[in-house]
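Enquirer: Below is the sequence, then the predicted model.
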Amino acid sequence: MMRISLILNVYMFKVKVFFGAIRASRASVALLLLYTIGFLPSVFGFLTLITNAVKQEAGVNVEFYVEVLSAIASGIMVFAILLSLRGYMVFDYEQNILLTSPIRPRELLIASIFADLTLALVFANPILVLYILLVFSLNLSALSAITMLLAILLFIFMLILLKISLSIMKSLYGRRWINAFTSMIMLFLMLPALSLFLDISLNYSSLPYPSKFLAEILLGIIYDCGVEPLSLLSLTSYFLLSLAFFMVISEKNFFPMAGYAPFVSPFDVSMRTQTLKIERSIRTFSRMGAFLTLNPESKSLLSFLMKKEFIRMLREGSFFGVLLLYLVVLFVISITSIVPSQGAQRPPPQMFFTTFFIGVYSLITPLILVGNWRFSDLENLWIPLTSGADMRMVIKALAYDFILISSVLPAIIILILSITSNINPLLPLILVTSTSMIGCPVNLYITIKFLGKKRRGTPSIFVSWASMLLSALLLTPTYILVVLISSLALGYAVSTPISAIILVYSAVIMMLFMRLAEREILTIEV
Amino acid sequence: MTSFPIVELIDVWKSYDGTQALRGLNLEVNRGEIFGLIGPNGAGKTTTLKIIVGLLKMDRGIVRVNGVDISEEPYEYKRLIGYVPESVSLPEYLTVEELLIYAGKIRGVPDNQIRERMNYFIRLFELSEKRRALILSLSRGMRQKTAIASALIHDPDLLILDEPFIGIDPMGQHVLKELFSERVKEGKTIFISTHMLDTAERLCDRVAIIHKGQNVASGDLKNLQQLSRTGESATLEEVFLKLTEEAKELMVEEPIERKRRTFFGFLRRSP
């Protein structure tokens, strides 16, 4: 017999633990709102994309879309199964408080499922907004809207139950056959996706996969071509099967075999989790960074401190993280320029390339670098702060290193691409340099600002969010000038002085924010 | 020889989020002595040390180090100080050697002296086998020894240590005590905060007992025995218990003036 009140208590406890840290700073609430507002343009973008696709009904190949959506849903299933391969994981506080209490496994699992859904709702609220807007913009009937929601919920619950059951199975009977079995499932799930690229007869439409049933229901509603009752019934059957599997497996006492994971919450301000992650990274990357060592024979304190920061970035993995990021970019751009797309006109490579870099990666790089510094070195700030050393030098060393890494690594990739794909490297180089010159000091300043006594309780996710928004705002003149150069196809005679203006503007912002960061570091208390 | 104390705190106040950590603390540490700061949990020991080394800012009061008011000159005086916090956090991505070089370099120690002193402390604290190991791989005691070595690399006149013996093995503690005695003979000052009353009794020339942010009593054991009227045979622990108990009875809780925070609070004109 399950104890409902106990489940409710555990559910409330888990939610409070997750959101508890939000109380540490009032800025968190405002920034959570900012997070939702920040996603609204993307929500409207998706909405327009879907409604436009639906309105251009002539020649729409719904069967092809079913294949694509089935492949995406199968990918999500594979991801859930992959997560289960670690076995059932509990957080450190759950291990200490809940697993040592008289709670039964099923009670804990049910409380955990509802707690996870509650947490997901907060962060997935833009998706909910999208769903509601979609219902209205497509003029869906109440029945269609409910059916759509029901199908999505059935699929999500099926995934959650499957993931939990498989992970408990893995914890209880951690044998190789479980890995083999789950790998087979994943392979079977993704195999038909090959039909999107290759001319093979195996496709999702001919297979009774839950992902296919979900795709059929959703697209049937969106394109108003009716929902097959069999699809809904089949999806429900899959959900019931997962539920039965869960009911059987949740009876077992998996507590002694549960794995341990440090507690993760985006609202966690203790930085303990991030510090643990950094420790793990140091173990992995320190050997690769061992060739460079710190010695006292440096010409100046600035160059010594820059070397020390570079060693940190090598040994805690920041450098390799950024390198990996840009290698992925290089790979993706190379593939997209080699593989011819079917039918649709491919956008000009330079435009794609520029948008890709500037829109996403150049802004992310300073975030990664400054964020990792915060996690790995904040607690060590007592060393320079009590040394009597000029803290301006410490900030300068940090900022210069960040700017160097976030501009040199992408510059190398740009130059490689300019040779292999015959792209004019001037604009991408100017953009990357400007983003790095503005992004790094801005991120550094905001991070230090949030180390202040009153703001220290702000979760790092919001600090990053605020840094990214301010950087993007300050980069607006750069974006405008770059768009002008590229859209008007200005020649070198005009684009070179404009590029110089961009660099001068970036340098002014860089100096300003470095000055602000230097002033701010003197006021922090550790 | 200069006559003024190396550390002097006059009427120092500090509060955190509505909690008064220091309430008009007065303290004097003389040159060439081992001075101990003792007190129950939450008495304000760590806060006091952090204010002296410039990691915290006091609300009001005067702190002088080597005769210099640290509010007026907040940086240069730090060259005289070596500091080891209670829960030591060190850059785990550096090796023991690299940390000592880093500590020496940012304190402006000449390159040849960095190497010389680094080798000396690595030998003294038996860290030779770990000199090129990442700090990440060190035990707690070894980290503490490394932190102490980094605080001594510039040969400071004043060494400030918050609970220095925690996590260090008996042999290491012995080495540390010997080192403190040697430094005091050279005219240097050691200022420690500790819970270990027996250690404080044997090691310190003078102690200050602080309770709820106030200096209840300070002096050598004899002075404290007289002050507490516990008799000549009383241990520091007995003196401590008597004095803190008396202080509890005498101390009147002083309400802290809290600023009322309202949404439109910023519109109010400040007095």
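Expert: Arrived safely. Numbering: from 1, shown residues only, chains lettered A, B, ... in the order given.
Enquirer: Write out the residues of chain A neighbouring chain B.
Expert: A:278-279, A:282-283, A:286, A:289, A:293-298, A:301, A:304-305, A:308, A:311-312, A:315-316, A:376-377, A:379-380, A:382-390, A:525-526 (Cβ under 8 Å from any Cβ of the partner chain). Glycine gets a C-beta too; all of them are placed from N, C-alpha and C.
Enquirer: residues from the stretch 101-250 of chain B in reach of chain A?
Expert: Going by Cβ under 8 Å from any Cβ, the residues of the stretch 101-250 of chain B near chain A are B:101-108, B:111, B:114-115, B:134, B:136, B:150.
Enquirer: Now, those residues that are in helices?
Expert: B:101, B:102, B:103, B:104, B:105, B:106, B:111, B:114, B:115, B:150 (DSSP state H).
Enquirer: can you redo these as CSV with neighbour count and distance to residue B:226?
Expert: Listed next are those as CSV, based on neighbours: other Cβ atoms under 10 Å in any protein chain shown; distance: Cβ to Cβ, whole Å:
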residue, neighbour count, distance to residue B:226
B:101, 27, 49
B:102, 26, 47
B:103, 25, 42
B:104, 22, 44
B:105, 25, 48
B:106, 23, 45
B:111, 14, 52
B:114, 23, 47
B:115, 18, 50
B:150, 26, 40
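Enquirer: could I get those residues as TSV with pLDDT and distance to residue A:141?
Expert: Formatted as TSV, these follow (pLDDT from 0 to 100; distance: Cβ to Cβ, whole Å):
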residue	pLDDT	distance to residue A:141
B:101	94	73
B:102	93	69
B:103	92	72
B:104	92	76
B:105	91	73
B:106	89	70
B:111	88	80
B:114	93	78
B:115	92	81
B:150	94	72
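Enquirer: Got a ChimeraX select line for the buried ones in the residues of chain A next to chain B?
Expert: Listed next is the ChimeraX selection for buried residues among the residues of chain A next to chain B, using 16 or more other Cβ atoms under 10 Å in any protein chain shown:
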select /A:278,279,282,283,286,289,294,296,298,301,304,305,308,311,312,315,316,376,377,379,380,382,383,384,385,386,387,388,389,526
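Enquirer: Narrow the residues of chain A next to chain B to those in helices?
Expert: A:278-279, A:282-283, A:301, A:304-305, A:308, A:311-312, A:315, A:376-377, A:382-385.
Enquirer: Let me know the closest of the residues of the stretch 101-250 of chain B next to chain A to residue B:158.
Expert: In terms of Cβ to Cβ, no member of these lies closer to residue B:158 than residue B:107, at 13.3 Å.
Enquirer: ok so, going back, could you identify the most distant pair in the residues of the stretch 101-250 of chain B next to chain A?
Expert: B:108 and B:136, at 27.6 Å, using Cβ to Cβ across these.
Enquirer: Between the two, tell me which one has more neighbours.
Expert: Per other Cβ atoms under 10 Å in any protein chain shown, whichever of residue B:108 and residue B:136 has more neighbours is residue B:136, with 20 against 12.
Enquirer: I'd say the more buried one and residue A:285 touch.
Expert: No - using Cβ atoms under 8 Å, residue B:136 is not in contact with residue A:285, being 11.3 Å away.
Enquirer: Poorly predicted segments of chain B, please.
Expert: B:1-2, B:249-271 (pLDDT under 70).
Enquirer: where do the strands sit along it?
Expert: Per DSSP state E, chain B carries strands over the ranges B:7-16, B:19-29, B:34-38, B:60-65, B:68-69, B:81-84, B:158-162, B:189-193, B:206-211, B:214-219.
Enquirer: Dump those strands to JSON lines, plus mean neighbour count.
Expert: Compiled in JSON lines, these are given as follows (neighbours: other Cβ atoms under 10 Å in any protein chain shown):
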{"stretch": "strand B:7-16", "mean neighbour count": "18"}
{"stretch": "strand B:19-29", "mean neighbour count": "19"}
{"stretch": "strand B:34-38", "mean neighbour count": "25"}
{"stretch": "strand B:60-65", "mean neighbour count": "18"}
{"stretch": "strand B:68-69", "mean neighbour count": "14"}
{"stretch": "strand B:81-84", "mean neighbour count": "26"}
{"stretch": "strand B:158-162", "mean neighbour count": "24"}
{"stretch": "strand B:189-193", "mean neighbour count": "25"}
{"stretch": "strand B:206-211", "mean neighbour count": "25"}
{"stretch": "strand B:214-219", "mean neighbour count": "20"}
